[in-house]
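Student: Next input, structure requested:
(chains A and B)
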Amino acid sequence: QQQVKQSPQSLIVQKGGISIINCAYENTAFDYFPWYQQFPGKGPALLIAIRPDVSEKKEGRFTISFNKSAKQFSLHIMDSQPGDSATYFCAGPTGNQFYFGTGTSLTVIP
Amino acid sequence: DAGVIQSPRHEVTEMGQEVTLRCKPISGHNSLFWYRQTMMRGLELLIYFNNNVPIDDSGMPEDRFSAKMPNASFSTLKIQPSEPRDSAVYFCASSSQGFSNQPQHFGDGTRLSIL
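Tutor: Below you'll find the predicted structure:
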């Protein structure tokens, strides 16, 4: 059973556009909602994270929106750049487990 | 500041052979994680150590897989005997305290191919 469901699987955006990736989760024990970014040949790296007591967090061009009642959270990338082309993973931890979403391959076209 | 260091970066071996993957976590981190990444199953947590003690190994697929952390600066993941379906990228990650609210720092992975 997938603990974290991510969509879309792939996304193509023009430079300067907005990229939006969504995640839905089942496990209400999650207390921390991170997004990781992975470039080819590299391990995932933490991009931005939110705790469930806030509805939005912004860091530069990256924003997480969190809807606790709907059990959903999303990543918005404003003014998308070719350098943002990567695979993005949402995730959710419980005490002893860490569940990654299936990943979204983002391509930003110059 | 050195990140998580994994070796080897690539490993190609024949079915039935023993494979040992190595990881050096970031100094001062007391939690270490082994993950496997495949196209079919995505990123899966295999095992989680805290203060060198295995906390949860429920993700280890079979008895052929074993992991050790003899000290705070070194961990190994061993597959014996290896099978073609073990082919994947294996990542090691470390953090300063478990999962919640703490970023995991990943190494660049070991790409394992079992022929």
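Student: Can you point out the helix or strand that includes residue 29?
Tutor: Using chain A. Residue A:29 belongs to no helix or strand when assigned by DSSP states H and E.
Student: ah, I was thinking of chain B
Tutor: Residue B:29 belongs to no helix or strand, assigned by DSSP H and E.
Student: measure it to chain A for me?
Tutor: 14 Å (Cβ to the nearest Cβ, to the nearest Å). Using the backbone N, CA and C atoms, a C-beta is placed for each residue, glycine as well.
Student: again with residue B:106
Tutor: Relative to chain A, and taking Cβ to the nearest Cβ, residue B:106 is found at 3 Å.
Student: How about that residue: what's its closest non-neighbour residue?
Tutor: residue A:43 (2.9 Å; Cβ to Cβ, 6 or more residues apart in numbering or on different chains).
Student: residue contacts, that neighbour?
Tutor: B:4, B:91, B:93, B:106, B:107, B:108, B:109 (Cβ atoms under 8 Å, 6 or more residues apart in numbering or on different chains).
Student: Where do the strands of the chain begin and end?
Tutor: Reading this off chain A. A:4-7, A:10-14, A:19-25, A:33-38, A:45-50, A:56-59, A:62-67, A:72-77, A:86-93, A:98-100, A:104-109 (DSSP state E).
Student: meant chain B actually
Tutor: Taking DSSP E, the strands of chain B run over residues B:5-7, B:10-13, B:19-24, B:31-38, B:42-50, B:53-56, B:65-71, B:74-79, B:88-95, B:105-106, B:110-114.
Student: so which of those gets nearest residue A:101?
Tutor: Nearest of the strands of chain B to residue A:101, taken as Cβ to Cβ: strand B:42-50 at 7.7 Å.
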